[in-house]
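Pasting a predicted model and its sequence here:
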Amino acid sequence: MLGTYASFLLVLGLSALVGQAVLAACGRQTWSSLSPAIGLAALISVAWGTVRLPGEGLAALIAIGALGIVAVAVLRSGVRDAASELRVGAPVALIALLAASLPFTVEARFGILGTGLNPDMSQHLFAADRLAEGASERLISDGYPLGPHALVVALSELGPSSVDAFNGLTLAIAVAACLVPVVLLRESAAWTRIAGALVVGLTYLVASYLVQGAFKETLLALFVLAFAVGLHELARGGLVPVGTARLRGAIPLAVIAIGSVYAYSFPGLAWLAGAALLWGAIELALAARRKSPGAAGQLMRKVAPTAAVGLLALAVAIAPEVGRMASFADFETFNPDGAGLGNLFNRLSPLEALGVWPSGDFRVEPGDGSVPAIVFYLGAALGLLALAVGLLWSLRRSERVVPAALAAALVLWSYALIDGT
């Protein structure tokens, strides 16, 4: 227990510190609930870049420690309104931690979770062990993204076991994911803000993967969510100061994208790029229709420098991983004719993404468990209604980024349905 929660506090604390420093370096002086997600992306990237240096993980630990020291130096003048923001985010973080800890409470132990659902942790532990030794094995040689594993190796240098470090990382991901929606719910009543943040950060599928000890899926979900909300904030001028930090405006989003590569390799960019490109196309089309084609061109020229700096930062940071990404393209999971379903019985119903699925096993089809199928579909209908209300609310406020991210996710799901696993 001590190893798990010590790892959690270290990961979340360092992530918040580093993420806020990234925002401060881009001109922001106030706290953002996106900071833990941004910082976590930076930590796993730096850990992977240094974990294979001599020292069995000590170099990675020193690197992320140095990153924390640099973050403290950047934030030495303080964060404006930190106390009031703490009052907003602390209840969300605390309740999220308690909720994410339920699997350990139910099992009455701290260790590997969900081995009856998913035995993959054995491979993750083996890969982390080989990384620490500076050796190789199948995941390492196949280009499998190992940024989270590198962070675990670094944490293990402080004393926690790899299992405890993975559990602490998993809890930190869950809490960070619940903090991201606080950006959108900042002006809501306290109970609405807390409930909304928990519904988003610990929705059914996320909780299902959390219960089985899976961290890569929840980590990418965090990055997709944080990128969408961060792009929303950037579009409305709330992420960084518009006037003083125009060229640096997309750097925080680039950091999230970098983290997605080192956590999920090249597929990790698909959701982020899809959301950004679809939203950009919509905004340009609306500018051309409401004003003129010239207005669309002017808008493109206005945002081009910001986008170019962000893309340049992304390209430079992921350049060392290009060879491994090429190797990962041949990984067995990408073969539609192979055993790509892994631990699943069959394809998951997209209705599960609506958050209402009355089964303890997310792999169960409606009617195959103890609950009649009609209950599943009634829950899905409620979820669809809530989704429709949320979409209408956003679009009426001309907030199109998060809907664009949802649309991009639907396109990617459709592609996987037609030509994937």
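Sure thing, it's come through.

Buried residues of stretch 86-96, list them for me.
V88, G89, P91, V92, A93, I95, A96 (16 or more other C-beta atoms under 10 Å). (Each C-beta comes from the backbone N, C-alpha and C, glycine too.)

Would you mind giving the residues you listed as TSV with secondary structure added?
What follows is the buried residues of stretch 86-96, written out as TSV (DSSP: H, G, I helix; E, B strand; the rest coil):
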residue	secondary structure
V88	helix
G89	helix
P91	helix
V92	helix
A93	helix
I95	helix
A96	helix
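
which of the residues you listed lies closest to A63?
A63 has its nearest neighbour among the buried residues of stretch 86-96 in A93, at 26.0 Å by C-beta to C-beta.

In contact with that closest one, which residues?
Residues in contact with A93, defined by C-beta atoms under 8 Å, 6 or more residues apart in numbering, are L12, V175, C178, L179.

Can you pick out the most distant pair from the residues you listed?
It's L12 and C178 that sit farthest apart of the contacts of A93, by C-beta to C-beta, at 11.3 Å.

The two - which one has more neighbours?
C178 (29 against 24; other C-beta atoms under 10 Å).

out of everything not next to it in sequence, what's closest to the more buried one?
The spatial neighbour of C178 that comes closest, neighbours along the chain excluded (C-beta to C-beta, 6 or more residues apart in numbering), is G201 at 3.1 Å.

Tell me how many other residues surround that neighbour.
For G201, using other C-beta under 10 Å, the count is 27.

any idea how far T105 is from S188?
Per C-beta to C-beta, to the nearest Å, T105 is found 29 Å from S188.

for the stretch 201-350 of the chain, what spans make up the helices?
204-211, 216-235, 251-264, 268-290, 293-318, 322-328 (DSSP state H, counting those that start in this stretch).

shouldn't the residue nearest to C178 be in contact with G89?
No: look at G201 against G89 with C-beta atoms under 8 Å: they stay out of range, at 12.0 Å.

what residues are shared contacts of the two?
Joint contacts of G201 and G89 (C-beta under 8 Å, 6+ apart) are L179.

re the thing from before, go through the helices of the stretch 201-350 of the chain and name the closest to A165.
Nearest of the helices of the stretch 201-350 of the chain to A165, taken as C-beta to C-beta: helix 216-235 at 14.1 Å.

by contact count, what packs against the closest one?
In terms of contacts (3 or more C-beta pairs under 8 Å, 6 or more residues apart in numbering; DSSP states H and E), helix 216-235 is packed against helix 35-50, helix 162-179, helix 204-211, helix 251-264, helix 268-290, helix 401-419.

For the stretch 101-250 of the chain, which residues score under the pLDDT cut-off?
243-245 (pLDDT under 70).

Quick one: distance of stretch 48-65 to the chain centre.
Relative to its chain's centre, stretch 48-65 lies at 23 Å (C-alpha atoms, centre = their mean, to the nearest Å).

Please read the previous query as pertaining to stretch 56-67.
That offset, for stretch 56-67, works out to 22 Å (C-alpha atoms, centre = their mean).

what's the average pLDDT for that stretch?
In this model, stretch 56-67 has an average pLDDT of 90.

Convert it to PDB, retaining C-alpha atoms only.
The C-alpha coordinates for stretch 56-67 follow below in PDB (Å, rounded to 0.1, in the frame of the first residue of the first chain):
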ATOM      1  CA  GLU A  56      19.600   0.400 -14.300                       C
ATOM      2  CA  GLY A  57      17.100   3.200 -14.200                       C
ATOM      3  CA  LEU A  58      19.100   5.600 -12.100                       C
ATOM      4  CA  ALA A  59      19.700   7.900 -15.100                       C
ATOM      5  CA  ALA A  60      16.000   8.100 -15.700                       C
ATOM      6  CA  LEU A  61      15.300   8.900 -12.100                       C
ATOM      7  CA  ILE A  62      17.900  11.700 -12.200                       C
ATOM      8  CA  ALA A  63      16.500  13.000 -15.400                       C
ATOM      9  CA  ILE A  64      12.900  13.300 -14.100                       C
ATOM     10  CA  GLY A  65      14.200  14.700 -10.800                       C
ATOM     11  CA  ALA A  66      16.100  17.300 -12.800                       C
ATOM     12  CA  LEU A  67      13.000  18.100 -14.700                       C
END
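
Quick one: residues contacting T30.
Applying C-beta under 8 Å, 6+ apart, the residues near T30 are V79, R80, D81, E85.

Check the offset of stretch 134-146 from the chain's centre.
On C-alpha atoms, centre = their mean, the centre of stretch 134-146 falls 22 Å from that of its chain.

residues making contact with that stretch?
So stretch 134-146 is contacted by 48, 52, 54, 56, 123, 126-127, 130-131, 216, 261-265, 268, 323-331 (C-beta under 8 Å, 6+ apart).

give me that answer again for 7 Å
Here stretch 134-146 makes contact (C-beta atoms under 7 Å, 6 or more residues apart in numbering) with 48, 52, 56, 123, 126-127, 130-131, 262-265, 324-325, 327-328, 331.

Of the residues you listed, grab the buried ones for ChimeraX.
The ChimeraX command for the buried members of these (criterion: 16+ other C-beta under 10 Å) is given here:
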select :48,52,56,126,127,130,131,262,263,264,265,324,325,328,331
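
ok, V163 to L155 distance?
V163 is 11 Å from L155, by C-beta to C-beta.

Quick check on these two: which one has the bigger neighbour count.
L155 (28 against 22).

name the helices or strands packed onto the strand or helix carrying the more buried one?
Per DSSP states H and E: L155 is located in helix 147-156. Judged by 3 or more C-beta pairs under 7 Å, 6 or more residues apart in numbering; DSSP states H and E, helix 147-156 is in contact with helix 35-50, helix 58-74, helix 121-133, helix 162-179, helix 251-264.

rerun that using 8 Å as the cut-off
helix 2-25, helix 35-50, helix 58-74, helix 121-133, helix 162-179, helix 251-264.

who touches the closest residue to V402 other than its chain neighbours in this structure?
Of all residues not flanking V402 in the chain, A228 sits nearest, at 5.2 Å (C-beta to C-beta, 6+ apart). Contacts for A228 (C-beta under 8 Å, 6+ apart) come out as A275, V401, V402, A404, A405.

Quick check: the third one touching S394?
Yep, that's V402 we're talking about. Yes: using C-beta under 8 Å, V402 makes contact with S394 at a distance of 6.2 Å.
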